[in-house]
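# 3D model of this:
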Amino acid sequence: MSKKILIIIIIIFITIILGMLTWSFLLKPNTKTTEQTTGVLDFLPFGKNNDQSTQIPFFNKDELSEKPVVVDNTKRNDSVSVHKLKQVTTTQISGATATTSQTGETTIRLIERSTGNIFDINTTNSEKKRITNTTIIASRETFFNSLGETLLMRYLNENDVIKTFMGHIQNPETGKVVEEELKILSNPAPVGESSGQLTGTFLEDDITTIALSPSKDAFFSLAPLGINTIGTVTYFKNNTREQIFSSSFPEWLTQWPKKDTVTLTTKAASVADGFFYFLNSSSGKLERVMGNIKGLTTNTNTDATKVLYSQSVSKSLSLHALDVKTHTTESFTIKTLPEKCVWSALQTDIVYCGVPGRITEGQYPDFWYQGIVSFSDTLWKINVSTNTTELLSVPVTSARAEIDVVQPFLNNDETLLLFTNKKDSTLWSLEL
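Purely as a prediction, here's the structure:
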């Protein structure tokens, strides 16, 4: 055999060997089994994670409908259920409320951010009706009274002054044109279903925070006066005002959960100790409830017996509920900010929350407040007394949308959970 033929045979042999090895390691199906299994907790936001973040993967909508996931142990009974999620508006809003007619129909009243026009949306047939055609630019926050006829509209003017306008929906034949400073366009929008207008007056400048009373017939506000911050109760009906609070500390967040109880929480920062107080709306008596908690934010239930609060921990946050009477605290494996929650008025132990599917490491709540971090929330029902949770909806699955829940509220009979998406300021609803 010649040397040339021998070399060719060796090359062919080596090629065959390399081909067999390639097939074995790269192309051959992997039939090896693994003993590792995936448990129910891996699919919930308090499940395992290896990237030091809390996350929930996408659910299949059909699987949610047919096979509810239930965890049952001594501490909780977490479950998954399906509720109808709906986008109410495609345009930005600056505020909304819900009213119930004598026939039981729920109407959503909202103010469109781009125009300032007020609309009613019937939740039964989705019919949309314009109530006012007064065109207003730059409204950023709006509060309605109980009937939706009086509102507080807030915006920042060109001099960075916070303006607050208390307006009333008026028939144009009897009402007066709103002040020019509210930025009404000289050519108002064409008359639609209704030609109502807004009339009213401006409150003092730089009101830092507003909280509606439980009956929405009054509001508590904080504003600077000299070196102090003054707290005032104002009644919608007759515009009477009463000062009930004064402090040299200017940075407060406030809520009015119960008829005689206003809450005051120092504005949160992850590196600063936070403090929380009850303020008696009649006597002005101030009572410290808790303090020395870093990154403290709060949300109090409707009888002021439970306080949902979060705190900054290990580049993340944790969620807890304080029993005001017993001074005991319940901790939750779910992580969210109380600002993303609303308490039930019918069941005072129940709270509905937007819960981030993923929380990356960072300074909380600072990163979320500053817009450095945006969440993609799931919607949950939490019983703070039994420490049980129910997953109501996963928007990325049911609506193909990422929603960062803010300003949640319930309609009167609590059949609807409504909230704004912080990402685009659109209004959404979830049937309960």
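
# Could you double-check that residue 83 lies in contact with residue 428?
No. Judged on Cβ atoms under 8 Å, residue 83 makes no contact with residue 428 at a distance of 11.9 Å. Bear in mind the C-beta positions are built from the backbone N, C-alpha and C, glycine included.

# And the pLDDT at residue 116?
On the pLDDT scale, residue 116 is placed at 87.

# same thing with residue 376?
Confidence for residue 376, expressed as pLDDT, is 97.

# Would you mind listing the residues in contact with it?
By Cβ atoms under 8 Å, 6 or more residues apart in numbering, the residues touching residue 376 are 356, 357, 358, 395, 396, 402, 403, 404.

# what residues are up against residue 274?
Residue 274 neighbours (Cβ under 8 Å, 6+ apart): 265, 266, 268, 291, 292, 293, 294, 295, 296, 297, 311.

# what's in contact with the helix or strand that contains residue 367?
For residue 367, the host element (DSSP states H and E) is helix 366-369. Helix 366-369 is contacted by residues 268, 269, 270, 295, 337, 372, 373, 374, 375 when judged by Cβ under 8 Å, 6+ apart.

# Most neighbours out of the residues you listed, which is it?
Taking other Cβ atoms under 10 Å as the neighbour criterion, residue 337 ranks highest of these with 27 neighbours.

# wait, it sits on residue 365?
Yes. Residue 337 lies in contact with residue 365 (Cβ under 8 Å); the separation is 5.6 Å.

# shared neighbours, those two?
Common neighbours of residue 337 and residue 365 (Cβ under 8 Å, 6+ apart) are 297, 310, 317.

# Tell me how far the closest residue to the first one other than its chain neighbours lies from residue 119.
Same thing as residue 297. Leaving out its chain neighbours, the residue that sits closest to residue 297 by Cβ to Cβ, 6 or more residues apart in numbering is residue 268, at 4.9 Å. The gap separating residue 268 from residue 119 is 34 Å, by Cβ to Cβ, to the nearest Å.

# And residue 113, by the same measure?
From residue 113 to residue 119 the distance is 12 Å (Cβ to Cβ).

# can you check residue 161 too?
For residue 161, the distance to residue 119 equals 28 Å [Cβ to Cβ].

# which one of the two has more residues nearby?
residue 119 (22 against 10).

# Pull the contacting residues for that one.
So residue 119 contacts 109, 110, 111, 112, 128, 129, 130, 131 (Cβ under 8 Å, 6+ apart).

# Report the buried members of those.
109, 110, 111, 112, 130, 131 (16 or more other Cβ atoms under 10 Å).

# The helix or strand harbouring residue 223: what's the following helix or strand?
Element membership for residue 223 (DSSP H and E) is strand 218-225. Sequence-wise, the next helix or strand downstream of strand 218-225 (DSSP H and E) is strand 228-235.
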